[in-house]
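K.L.:
Sequence first, then the predicted structure, then my questions.
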Amino acid sequence: MVKRKCPFCNIEFEFKSNQQFGAHKTNCKLNPKRKETIEKITLSSFSNRKKYKFVCDCKKIFYQELTIKQYENNRSRKFCSRSCANKRNHSKETKSKISNTLQNRPENKGKRNKIKRKNKCTNIKLHICCICNREKYVRESHSLQTCGKKECVNKLIAKNVTGKTGGYKTKSGRSKFNGCYYDGVWLDSSWELKCVKMLDRNNIKWDRTSKIFLTYHDKNGKERKYYPDFFLPDLNLFIEIKGYWTDFSIYKMKAVQKEHNISILIIDKEEDIKADMVFNWQHTRLPL
């Protein structure tokens with residue numbers, strides 16, 4: 001930082017370089033030759049310019065306005081755009097030039113050894129996904145079993161989940177993050193919200209309470225309760241929305257239909273949430 005006093009306004013300022021001090025003198029409002037110097041700069045920079053044709057490394061043609069001196073000294077752009085320039089790898093010479101210019105700046109002198117990367121992690125381990133066996137390096141504090149993909153996470157949940165325990169629960173599991181209230185009724189997912197709005201648009205009555213349930217027997221012969229997502233009293237139809245399937249859920253849906261001989265519309269795709277699916281349904285969809 002250099003302290004300089006303006007000869008026109010008689011005020012001391014701190015400038016980083018002499019170039020800033022010269023820019024202040026030319027743009028100072030008390031400078032009597034301010035308008036003349038600005039006009040000369042604009043005329044010299046814009047009046048003598050011409051359009052020149054260039055070809056980028058990606059074989060695209062672009063145009064640039066340059067003066068004769070700039071064109072003779074090869075001061076034009078080398079690439080058609082910034083995104084195209086970022087895709088190219090710098091050579092060792094250009095990298096050394098960039099590093100030298102950054103080191104020689106006054107604000108960066110003596111700070112190179114002190115600067116540390118914020119995202120640098122020293123404690124790294126090799127993690128293998130238990131579903132797809134994908135390998136990647138993660139931090140030692142990483143405690144997940146999968147690679148993080150939605151498909152692998154759902155398959156892991158399908159292995160570990162054995163069914164609902166304790167009956168119908170409001171805001172249970174992941175529904176407390178993905179669920180919401182609609183007319184005072186708690187819905188567990190965005191698919192259920194979409195289904196309810198579709199039913200209201202078509203004036204179809206629906207019910208969702210913990211009092212509506214069906215009993216069935218599991219593989220061990222124990223009696224359990226099945227709570228459907230929605231019940232349509234006018235059509236005498238149950239609706240079940242499944243985001244992912246487990247072996248237990250497949251057995252449960254088959255056992256409920258066999259023991260009660262009722263009609264259950266199962267929706268496992270978001271695209272199938274339509275009024276045609278409710279009125280003209282033919283069979284329940286169960287995975288093999």
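P.N.:
Thanks, I have it.

K.L.:
shaky segments in the protein?
P.N.:
44-47, 107-122, 158-178, 276-288 (pLDDT under 70).

K.L.:
per-domain residue ranges of it.
P.N.:
2-108, 124-159, 162-279 (automatic domain parsing).

K.L.:
show me where the protein has helices.
P.N.:
According to DSSP state H, the chain carries its helices in the segments 18-27, 34-42, 68-72, 82-87, 92-104, 150-160, 175-178, 190-201, 247-260, 275-279.

K.L.:
Glu223: which of those helices is closest?
P.N.:
helix 247-260 (10.3 Å; CB to CB). Any C-beta I mention is one placed from the backbone N, CA and C, and that applies to glycine too.

K.L.:
Quick one: work out the angle between the closest one and helix 150-160.
P.N.:
60 degrees (axes from the mean of the first three to the mean of the last three CA atoms, to 10 degrees).

K.L.:
about what we covered before: for the domains of the chain, give me TSV that also has mean neighbour count.
P.N.:
Shown next, in TSV, are those (neighbours: other CB atoms under 10 Å):
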stretch	mean neighbour count
domain 2-108	12
domain 124-159	13
domain 162-279	15
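
K.L.:
circling back to that earlier point, in TSV: the helices of the chain, plus distance to Val138.
P.N.:
TSV is the format used below for the helices of the chain (distance: least, CB to CB, whole Å):
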stretch	distance to Val138
helix 18-27	48
helix 34-42	56
helix 68-72	50
helix 82-87	28
helix 92-104	30
helix 150-160	14
helix 175-178	23
helix 190-201	30
helix 247-260	30
helix 275-279	42
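
K.L.:
For Leu214, find the nearest of those helices.
P.N.:
helix 247-260 (5.5 Å).

K.L.:
and the closest one, how far from the chain's centre?
P.N.:
38 Å (CA atoms, centre = their mean, to the nearest Å).

K.L.:
go on, stretch 84-91?
P.N.:
Mean C-alpha position of stretch 84-91 versus that of the full chain (CA atoms, centre = their mean) differs by 26 Å.

K.L.:
Among the helices of the chain, which comes closest to Leu126?
P.N.:
Counting by CB to CB, Leu126 lies closest to helix 150-160 out of the helices of the chain; the figure is 17.0 Å.

K.L.:
Output that closest one as CSV, restricted to C-alpha atoms.
P.N.:
Listed next in CSV are the C-alpha coordinates belonging to helix 150-160 (Å, rounded to 0.1, in the frame of the first residue of the first chain):
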residue,chain,number,x,y,z
LYS,A,150,-30.9,-44.8,-4.2
GLU,A,151,-31.1,-48.3,-5.8
CYS,A,152,-28.6,-49.8,-3.4
VAL,A,153,-30.1,-48.1,-0.4
ASN,A,154,-33.6,-49.4,-1.2
LYS,A,155,-32.2,-52.9,-1.7
LEU,A,156,-30.5,-52.8,1.7
ILE,A,157,-33.7,-51.6,3.3
ALA,A,158,-35.6,-54.5,1.6
LYS,A,159,-33.1,-57.0,3.1
ASN,A,160,-33.4,-55.6,6.7
